[in-house]
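Engineer: pasting the sequence and the predicted model now:
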Amino acid sequence: MKRNKFICILVAAVFILTSCDLLDRPNPQNLVDTPDFWRTEASVRAFAEEFYTQFFPGFNSGWGVDYTPIRGTTFSDYLAVGGQPTPFPNMRPTALGSSGALVAWQGAIWAGPTWNFYWIRKANMMIDRMERHAADAFPEATFNHWIANARFFKALEYARLVSVFGDVPFFEAYFPISDRAEMFRNRDPRNVVMDNVYDYFRWVVGNFGTTAKLRPRSGGHVQDLNLDVAAAFISRWMLFEGTWQWYHNQDAERAAKFLKFAVEASEFLMNSGRYSISSSSDIRALFSEFTATPSNPEVILWRTYNNPGATHHIASYANLQHESQGATPNLHLIKNWLTSEGKVWQNSANPEDFNLTNLIATRDPRFEASFAPIFPNVVGRTPTGIYTVKFIDRNAINLAMQAILGTGAGLAPQNAFPQYTSNTNTNAFPVARLGEVLLNWIEAKAVLQEMNVPGFTVSQADIDRSINRLRARPVHPEAAARGVRQTPAMQLTAITASFDPNRDMGGFDAYDLEVSPLMWEIRRERMMELFQELPRVLDLRRWRKMHYMDTQLNPNIVLGAWMNIPRDMPGLLTTDNARNATIRVQRWDRSIVIYDGTNAADMVGFRVVNTGSGGAFLHRNIFGNQYNAPIGQNQIDLYREAGFTLDQTQGW
């Protein structure tokens, strides 16, 4: 039984396909693996559709949380949970694999796939069948395009697997299940796998010109995998691998190889003229579209939803009024958010005014676009007091605020709008957008500059072309009414060693590197721009900075917003909470005030969100330097029972 399950994990190639919500297409019929099947483009397209919901999940669908903001990618130094902080894994798991075609999600801690090779097998099958049955059935360009589809998705899955496990077996080609030596192949070194990923990506896009195998973006293929979409994901994953090679291995040659590819892919999109940062809407508008064709010129690929049809539930967990968020922004994030003066908080006009209304008015506009301007009216909606609303449109939050503040008499109840409640949400998700590409580009260039690679320097013109284009987004009228102002353009000459007194100077361990002033600000910009869109833990892992998650080194992780609890959240002041001493605030002098039932007026300060019964502080366990996930013991046992060896991840 165990062996059969392993075979299912590795070699199953399912021909019963699910609907590709991304493309809003009907459910394809069951498909039969015959030579004739592979000789029509409609059949090949139907086979490839299954890749889309796996690799471009967006808000997922239904009640799915894998890879989603708010409910999926929550393991972060910028988010806090009530009670015990999510611990680092410190034991080898019994199993860390899965089978079948579901979105194979490792969970928030690793933010990537499980030990699952279904998608590799599927891509290899597509290549094998087309080469054997379809080489003479299509024009050369059409044939190459579909082979490029399979190679792209194979490379993308390997990039994700490597981000989780490091070394993984690289299956070069499709093989029969009778080939047990190949089936039970041990792990190949990371460098071998990623060299193949590089080569696959390079074959798919060529020089981003006439040698590209994927079709260019066009009216007929705007929401398919095309050259632009591939470039966006190459930009992301080549940055990941290039920075990993530099910060973990100090391998300048290999790092430069991947980082140069990231720069090239980014510049292809930046120079295309097809995308731009909107001059008419703020960042929230990216997540507030309900149409099949987004109007925002920044979007490269999007996942659309419709009812009836494919829907999701993430907006319901951002509607302020009806659902709670389990992991919410903490003081560490608040303190790292740039002010609208273009300064760190210590150098702002009112450095110690952390009142929520003042934060909304005085931080970079992306703060107002990301977080609710009021506290929820129900205890438990958010552990920290700050509630993320980035992924829902302003109309929905206005309805909720009017209900909470008692100014919405006569309004229809919010549950009359199904796009905001339950799992019937229909707002679209920008799976790939120019904002990320610009930040990938400037970071890759900055790393190459720090490595002293000839031809790569960061100039003011580069900053203007990337970070300052993001800062130039217009301020929404509602934000302007709250006092929000546009953040000044970054000036390269101003980013000096003294710009942020809390800049990471390195030295956590023998391998921990100082973060340069410029890189520190690039990373800050990435935080503000991409908050919760991409898993923050992947950035920490590639930068070799997982110790940022240590709550004892950085107690701001387990502190929330500045609150006047009797005014802002009186429901916290209960007899039970007083008896258990679980409600605490920290003042600016770092003294702690514990609610005892008689001192409600003193409960003003930063909310302490990690106290257990009796008021004891609860800290996350200490990180043990495991930057890659372990292999489940069941997977190792399966190899051993078959007469083969599967090595455990180093350090486990």
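Structural biologist: Noted; the coordinates are in hand.

Engineer: hey, which helix or strand in the protein has the poorest pLDDT?
Structural biologist: helix 2-11 (a mean of 33; mean pLDDT, DSSP states H and E).

Engineer: next secondary structure after it?
Structural biologist: Once helix 2-11 ends, the next helix or strand along the chain (criterion: DSSP states H and E) is helix 41-55.

Engineer: quick one: strands adjacent to whatever helix or strand comes next after that next one?
Structural biologist: Read in the C-terminal direction, the helix or strand following helix 41-55 is strand 79-81, with elements assigned using DSSP H and E. When pairing is defined by DSSP bridges, strand 79-81 lines up against strand 327-329 (antiparallel).

Engineer: what mean pLDDT does the partner strand have?
Structural biologist: Per-residue pLDDT values over strand 327-329 give a mean of 96.

Engineer: pull the distance from it to the chain's centre.
Structural biologist: What separates the centre of strand 327-329 from the centre of its chain is 15 Å, taken as C-alpha atoms, centre = their mean, to the nearest Å.

Engineer: now for the helix or strand following it, which elements pack on it?
Structural biologist: Following the chain from strand 327-329 toward its C-terminal end, the next helix or strand by DSSP H and E is helix 331-336. Helix 331-336 makes packing contacts with helix 517-530, strand 559-564 when contacts are defined by 3 or more C-beta pairs under 8 Å, 6 or more residues apart in numbering; DSSP states H and E. Heads up, the C-betas are built off the backbone N, CA and C, glycines and all.

Engineer: okay, these, which one's buried deepest?
Structural biologist: Mean neighbours per residue, mean count of other C-beta atoms under 10 Å, is largest over the helices and strands packed on helix 331-336 for strand 559-564, with a mean of 23.

Engineer: which helices and strands does that strand pack with?
Structural biologist: Looks like strand 559-564 contacts helix 331-336, helix 356-362, strand 604-608 (3+ C-beta pairs under 8 Å, 6+ apart).

Engineer: do that again at 6 Å, thanks
Structural biologist: On a contact count with 3 or more C-beta pairs under 6 Å, 6 or more residues apart in numbering; DSSP states H and E, strand 559-564 meets strand 604-608.

Engineer: tell me what the strand it packs on is packed against?
Structural biologist: Packing partners of strand 604-608 (3+ C-beta pairs under 6 Å, 6+ apart): strand 559-564, strand 584-586.

Engineer: in that strand, what's buried?
Structural biologist: Val604, Gly605, Phe606, Arg607, Val608 (16 or more other C-beta atoms under 10 Å).

Engineer: hey, where'd the strands end up in the stretch 401-550 of the chain?
Structural biologist: Under the criterion DSSP state E, counting those that start in this stretch, strands of the stretch 401-550 of the chain are mapped to 429-433.

Engineer: where does the prediction get shaky in it?
Structural biologist: The model of the stretch 401-550 of the chain has pLDDT under 70 over residues 409-416.

Engineer: is Phe268 in a helix, a strand, or coil?
Structural biologist: With DSSP: H, G, I helix; E, B strand; the rest coil as the basis, Phe268 sits in helix.

Engineer: tell me how far it lies from Arg274.
Structural biologist: For Phe268, the distance to Arg274 (C-beta to C-beta, to the nearest Å) stands at 10 Å.

Engineer: repeat that for Leu438.
Structural biologist: 14 Å.

Engineer: okay, now the closest residue to Arg236 other than its chain neighbours: neighbour count?
Structural biologist: The shortest distance from Arg236 to any residue that is not its chain neighbour, by C-beta to C-beta, 6 or more residues apart in numbering, is 6.1 Å, and that residue is Asn440. Number of residues near Asn440 (other C-beta atoms under 10 Å) recorded here: 26.

Engineer: and the residue nearest to His322 when sequence neighbours are not counted, what are its phi and psi?
Structural biologist: Counting by C-beta to C-beta, 6+ apart, His322 lies nearest to Thr421, which is 6.2 Å off, once chain neighbours are set aside. Torsion angles at Thr421 (phi, psi; degrees, to the nearest 10) stand at phi -130, psi 160.

Engineer: make residue 1 into 600 and carry on from there
Structural biologist: Renumbered: residue one is now 600, and that last one reads Thr1020.

Engineer: my read: Thr1020 touches Ser915, true?
Structural biologist: Yes. If you go by C-beta atoms under 6 Å, Thr1020 and Ser915 touch, sitting 5.3 Å apart.

Engineer: the more surrounded of these two?
Structural biologist: Ser915 (23 against 20).

Engineer: pipe the helices and strands packed on strand 1203-1207 into JSON lines and attach distance to Val821 per row.
Structural biologist: Formatted as JSON lines, the entries for the helices and strands packed on strand 1203-1207 read as follows, by distance: least, C-beta to C-beta, whole Å:
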{"stretch": "strand 1158-1163", "distance to Val821": "42"}
{"stretch": "strand 1183-1185", "distance to Val821": "51"}
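
Engineer: ends of stretch 935-951, what's the gap?
Structural biologist: Separation of the first and last residues of stretch 935-951 by C-alpha to C-alpha, to the nearest Å is 14 Å.

Engineer: for that stretch, buried residues please.
Structural biologist: Within stretch 935-951, the residues that qualify as buried are Asn935, Trp936, Leu937, Thr938, Ser939, Glu940, Gly941, Lys942, Val943, Trp944, Ser947, counting by 16+ other C-beta under 10 Å.

Engineer: so what's the backbone phi/psi at the fifth one?
Structural biologist: Read that as Ser939. phi -70, psi -10.

Engineer: ok, it - contacts?
Structural biologist: By C-beta atoms under 6 Å, 6 or more residues apart in numbering, the contact set of Ser939 is Thr961, Asp963, Arg1084, Thr1086.

Engineer: 10 Å - rerun?
Structural biologist: When contacts are counted by C-beta atoms under 10 Å, 6 or more residues apart in numbering, Ser939 touches 947, 960-964, 966-967, 1070, 1074, 1082-1087.

Engineer: what packs against the longest helix anywhere in the chain?
Structural biologist: Using DSSP state H to define each element, the chain has its longest helix at helix 739-764. Using 3 or more C-beta pairs under 10 Å, 6 or more residues apart in numbering; DSSP states H and E as the contact criterion, the elements in contact with helix 739-764 are helix 640-654, helix 717-732, helix 789-804, helix 826-848, helix 1135-1142.
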